[in-house]
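Enquirer: Quick one, structure for this:
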Amino acid sequence: MGKPLKTYVGGTEVDVPNSIPDIRATLPEERREEFDRAINGAGLHEIHAVMRHWMLEAVPDPEAERILDRLARDEAERRSVA
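Expert: Have a look, this model is predicted:
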């Protein structure tokens, strides 16, 4: 297996998994079945693009998580008012 790649998210260095088992292990449990289908269905000419997509999804992004949390709070508040 290759060494993890590195990138920066919000100024913090994070590992980017670069093997099928490492990508799968990094994903949330609810995304692994979709990952398995995508990887297993990829042909020779698509496998790199499929892996790149899932590698990036596996990288934690605190800013995106904060936005999703805010949207969830806003939605909960909107529903409680309605």
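
Enquirer: Show me which helix runs longest in the protein.
Expert: helix 62-81 (DSSP state H).

Enquirer: Show residues contacting the helix or strand hosting N40.
Expert: Assessed by DSSP states H and E, N40 sits inside helix 29-41. Helix 29-41 is touched from outside by 20, 23-24, 27, 47, 50-51, 53-54, 57, with contacts defined as C-beta atoms under 8 Å, 6 or more residues apart in numbering. (Glycine included, C-beta is placed from N, CA and C.)

Enquirer: among those, which are in strands?
Expert: Counting by DSSP state E, no part of the contacts of helix 29-41 is found in strands.

Enquirer: Now do stretch 32-41: distance to the chain's middle.
Expert: Chain-centre distance of stretch 32-41: 13 Å, with C-alpha atoms, centre = their mean, to the nearest Å.

Enquirer: Quick check: buried residues in it?
Expert: Across stretch 32-41, burial judged by 16 or more other C-beta atoms under 10 Å covers 35, 39.

Enquirer: go on, stretch 50-69?
Expert: Neighbour-count burial for stretch 50-69 flags 50-51, 54-55, 58 (criterion: 16+ other C-beta under 10 Å).

Enquirer: Any idea how far apart the tips of it sit?
Expert: 27 Å (C-alpha to C-alpha, to the nearest Å).

Enquirer: Now stretch 21-31: average pLDDT?
Expert: Average pLDDT, stretch 21-31: 93.
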